[in-house]
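**Student:** Dropping a prediction and its sequence here:
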2 protein chains.
Amino acid sequence: MAKDKKLVEAITSMDEDFAQWYTDVVLKAELISYTNVKGCMAIKPAGYAIWELIQKQLDERFKATGVENVYMPMFIPEGLLQKEKDHVEGFAPEVAWVTHGGLNELQERMCVRPTSETLFCDFYKNDIQSYRDLPKVYNQWCSVVRWEKETRPFLRSREFLWQEGHTAHATAEEAEERTIQMLNVYADFCEEVLAIPVIKGRKSDKEKFAGAEATYTIESLMHDGKALQSGTSHNFGDGFARAFDIQYTDKENKLQYVHQTSWGMTTRMIGAIIMVHGDDSGLVLPPKVAPTQVMIIPIQQKKEGVLEKAAELKEGLSNFRVKVDDSDKSPGWKFSEQEMRGIPIRVEIGPKDIEAGQAVLVRRDTGEKLVVSLDEIPVKVGELLDTIQRDMFEKAKAHRDANTHTALNWEEFKEILDTKQGFIKGMWCGETECETAIKDETGATTRCIPFVQEQFGDVCVHCGKPAAKMVYFGRAY
Amino acid sequence: MAKDKKLVEAITSMDEDFAQWYTDVVLKAELISYTNVKGCMAIKPAGYAIWELIQKQLDERFKATGVENVYMPMFIPEGLLQKEKDHVEGFAPEVAWVTHGGLNELQERMCVRPTSETLFCDFYKNDIQSYRDLPKVYNQWCSVVRWEKETRPFLRSREFLWQEGHTAHATAEEAEERTIQMLNVYADFCEEVLAIPVIKGRKSDKEKFAGAEATYTIESLMHDGKALQSGTSHNFGDGFARAFDIQYTDKENKLQYVHQTSWGMTTRMIGAIIMVHGDDSGLVLPPKVAPTQVMIIPIQQKKEGVLEKAAELKEGLSNFRVKVDDSDKSPGWKFSEQEMRGIPIRVEIGPKDIEAGQAVLVRRDTGEKLVVSLDEIPVKVGELLDTIQRDMFEKAKAHRDANTHTALNWEEFKEILDTKQGFIKGMWCGETECETAIKDETGATTRCIPFVQEQFGDVCVHCGKPAAKMVYFGRAY
């Protein structure tokens, strides 16, 4: 019993210290290890398996919209990075520079890609000649490097894994359509697979991507009331095309610039899963991204027939990702471990259960116990996984809605920030200066200008000038 | 017709200039583009889709043996790289060095991983405490960088994609068992999926991996008679464990060093597929790694009912990776393109075929044409893909066997190199000095000491001293 306690007690309560709770979960659920490479983490099997499930399901959704995967070099020569003015200003201060290859100094230094717009542009410049070559709808799965000063596992690390889509189109309309299409893919993926509700909208000019004409975003709310940018989709117009001279011959034999987009989602979504769904017992995984969906834990496993019955149950659940924990630890220890790792369903089976022809199913998300007859278990597990997936989304949505406030004026805005947590909806004049003042004063930023607009009066919540649009504000990761 | 001719004529004959033929195929089949990042390629959709099929099928085989995927940082601090003496000597001259992060010079420079033994060792040092933590059987899919002077697409590039498995075991026996197990996984994968026959064996001390106790390899033979190292599996004994101090407490509570292995396969296998199976019409893909297995080409597609029937055929072939080429190019152009891209089966369907209730199936590997009634096509295509997969392996094996020679003495050895091509089997004294002399004199290296030994007399083919073992020699990529 002492051992079981230790495992549970070792994690900080989320209400007491959310940041420490997060770190505890990340380490105790064995998602990552810290490394001697400063700011970089080692993603362990339990963490990487979540990423594999994200990759697989997101990639399927991409391919259903015509995306093709490619791979570009990881290095960007300095001259290439500098071709688009806003882009280099945005990224040059935070890249890692390679200056030597083998024993020789390079003639031109190269950075490790922080993102690959410049490489795709250089590629498209040669690959696109005619309208017949369009559209190009390419994506790559890779790692990128940004030299962050302060890092946190999954949320902000010097190297992270992601996908980056880069497309080229004949017309501005088509590019805008693809930008929104991919934002919708991200939103649906977050809600249906990760069980995380999102707000769809557009970033302000201040918050948009370096070099983009428009950046669209999905924003989610963590348990502690802070926002997380969860996926972005950028429309570049023909800005990069002009900087890189990417032209095609149209049907009338005239040269035209292409219109481009890019869009990305990263391993930071594993951080979002932790911070949206986790609790004081550890990780809580939505069934669709749980590497193990069902853990069968035999009780009194040395008694005759128990391990056999556990193995038989596993056999019957082969449509799911299922394991039996037949290690020599105590059942209590195994329960704690299964809870810490966020496995959606625990099946307890011991001699008494076998005698009664039943087993106990325990939901990780609610702790609810269900006694189920052995022959009904496969059907019941399938239903329960669906229910858990749905309930987790509803719970997260209820939390998000309960923590979304409206501020009609600056006093209300500040009071909400002081006494509550979460999103603040408010009217905004649209001026970058005003946005900067809000951030300097409170730490809150414009998260997005939501597609679904509401009207709360007609003056800016901060400066009182005429309001241009309704905005979600929040403190963010 | 002019256009069709152009496509076919643009590729060099493989007998005329094999190296140029290879480059032509790589570019015309649209597998890669060259980039402005010297020595690095852009892998295009047709190339990357092959890699995805390799990844998927190899990863499944790994997981069936208990492998778990992880992700380590891409950077190695210089001090870490230097911990194992042989390893640093082997790799330091060919790595890319990062010296600046953002605007600041790093206190300690870091290289981009050329391979990750040192990172896994640093990780295992903390992650392994007790015999209960063993074995660790981890793998990662990633890109690595080696600063090669001369590069060729897929075969040798400064950055390439691969998987690297890194394991830790309690005993030397278990490590050796895993080393051989993974070599067998590679061999079976090459033969069953890539249709490439391989020789399994051990590398000489001169040719083994920097830091390994033993390196095992699978060697394959390209169409031009040169060998290609196609996958390697290394047993490190406890050498790295001692250098990195990776110890565990055994059941008797005593500290023991772990025993380690590593094993890798790379995008170079796409080069092997090209050079083993390709012909003067372009790429020939084994069905199991063909992104498109069947291309349906409508004839006189503007005639009523043709495109509809083509779509119907595609529907019936939904168990396979199938496409319809309904572009506005001529059928002849489409045939050339499908052949260039190596698509295993072409289905030709036109008004006359429809009238006769049939279609024409054309095998890419042999050019053989089969007239098949429409309702039998799904079954026939399935059988034909199996047949093609098997026949391609047999053809490659026959070529390999016909180009494997035996040299009983040095005159024969040199004559074979001068007048023939392929592997040379010969006895060898086992001395590195003699091996070096052979290489300096002829360019041929010991490819491997095969597991299946034969006996051709008892003296070394080069120096005449007593022979220790039979070796495969060859000029290699």
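**Tutor:** Looks like it came in fine. Numbers count the residues shown, from 1 in each chain, chains lettered A, B, ... in the order given.

**Student:** going forward, measure contacts between C-alpha atoms and count neighbours the same way
**Tutor:** Fine.

**Student:** What separation do you get for A:R158 and A:A356?
**Tutor:** Going from A:R158 to A:A356 by CA to CA, to the nearest Å gives 55 Å.

**Student:** if you count what's nearby, which of these two comes out ahead?
**Tutor:** In this view A:R158 and A:A356 are compared by other CA atoms under 10 Å in any protein chain shown, and A:R158 has more residues nearby, 26 against 11.

**Student:** Could you double-check that that one sits in contact with A:S143?
**Tutor:** No. In this structure A:R158 lies outside contact range of A:S143 using CA atoms under 8 Å: 10.1 Å.

**Student:** On the pLDDT front, check A:K3 for me.
**Tutor:** For A:K3, the pLDDT comes out at 41.

**Student:** Over to the one 5 residues further on?
**Tutor:** The per-residue pLDDT reported for A:V8 equals 50.

**Student:** Equivalent analysis for the one 5 residues further on, please.
**Tutor:** Reported pLDDT at A:S13 in the predicted model: 96.

**Student:** Count the residues that sit near it.
**Tutor:** A:S13, neighbours per other CA under 10 Å, totals 18.

**Student:** which non-adjacent residue is nearest it?
**Tutor:** Excluding the flanking residues, the one nearest A:S13 by CA to CA, 6 or more residues apart in numbering or on different chains is A:D280, at 5.5 Å.

**Student:** and the one you found, what is it in contact with?
**Tutor:** A:11-14, A:21 (CA atoms under 8 Å, 6 or more residues apart in numbering or on different chains).

**Student:** That one and A:I343, how far apart?
**Tutor:** Counting by CA to CA - A:D280 and A:I343 are separated by 14 Å.

**Student:** can you map out the helices along the stretch 301-450 of chain A?
**Tutor:** Using DSSP state H, counting those that start in this stretch, the helices of the stretch 301-450 of chain A run over residues A:306-316, A:331-340, A:351-356, A:377-402, A:410-419, A:432-442.

**Student:** Give me whichever of the ones you listed is most buried.
**Tutor:** helix A:331-340 (a mean of 21; mean count of other CA atoms under 10 Å in any protein chain shown).

**Student:** in the stretch 151-300 of chain A, what spans have low per-residue confidence?
**Tutor:** Scanning the stretch 151-300 of chain A for pLDDT under 70 picks out nothing.

**Student:** which residue ranges form the helices in it?
**Tutor:** Going by DSSP H, counting those that start in this stretch, the stretch 151-300 of chain A shows helices at A:172-192, A:239-244, A:268-277.

**Student:** Say whether chain B is contacted by the shortest one.
**Tutor:** By that I understand helix A:239-244. No. Helix A:239-244 is not in contact with chain B by CA under 8 Å from any CA of the partner chain; minimum separation 13.0 Å.

**Student:** which bits of the stretch 151-300 of chain A sit near chain B?
**Tutor:** A:E159.

**Student:** Now the residue in the stretch 151-300 of chain A positioned nearest to chain B: closest residue in space that isn't a chain neighbour?
**Tutor:** For the stretch 151-300 of chain A, the residue closest to chain B is A:E159, as judged by CA to the nearest CA, at 7.1 Å. Spatially, and ignoring its direct neighbours in sequence, A:E159 is nearest to A:V145 (4.4 Å; CA to CA, 6+ apart).

**Student:** what does A:S373 give?
**Tutor:** Excluding the flanking residues, the one nearest A:S373 by CA to CA, 6+ apart is A:Q358, at 4.0 Å.

**Student:** Relative to A:I343, how far out is the one you found?
**Tutor:** 21 Å.

**Student:** Between the two, which is the more surrounded one?
**Tutor:** A:I343 (24 against 19).

**Student:** looking at it, the more buried one is touching A:I296, isn't it?
**Tutor:** No. Using CA under 8 Å, A:I343 is not in contact with A:I296; the gap is 10.5 Å.

**Student:** got the phi/psi numbers for the residue of the stretch 251-400 of chain A found nearest chain B?
**Tutor:** Proximity of the stretch 251-400 of chain A to chain B (CA to the nearest CA) peaks at A:S327, 10.2 Å away. When quoted as degrees, to the nearest 10, the phi and psi of A:S327 stand at phi -70, psi 170.

**Student:** Near it, how many other residues are there?
**Tutor:** Neighbours of A:S327 (other CA under 10 Å): 11.

**Student:** can you pull out the strands in the stretch 51-200 of chain A?
**Tutor:** A:68-69, A:75-77, A:96-101, A:104-112, A:136-145, A:159-169, A:199-202 (DSSP state E, counting those that start in this stretch).

**Student:** which residues in the stretch 201-350 of chain A form strands?
**Tutor:** Secondary structure of the stretch 201-350 of chain A (DSSP E, counting those that start in this stretch): strands at A:214-221, A:227-237, A:247-249, A:255-257, A:259-266, A:294-298, A:322-324, A:345-349.

**Student:** Mind listing the strands the first one pairs with, and their directions?
**Tutor:** Right, the one you point to is strand A:214-221. strand A:199-202 (antiparallel), strand A:227-237 (antiparallel) (DSSP bridges).

**Student:** ok, residues contacting the last one?
**Tutor:** This means strand A:227-237. Contacts for strand A:227-237 (CA under 8 Å, 6+ apart): A:172, A:175-176, A:179-180, A:182-183, A:186, A:209, A:211-222, A:259-266, A:268-269, A:272, A:422-423, A:447, A:474-477.
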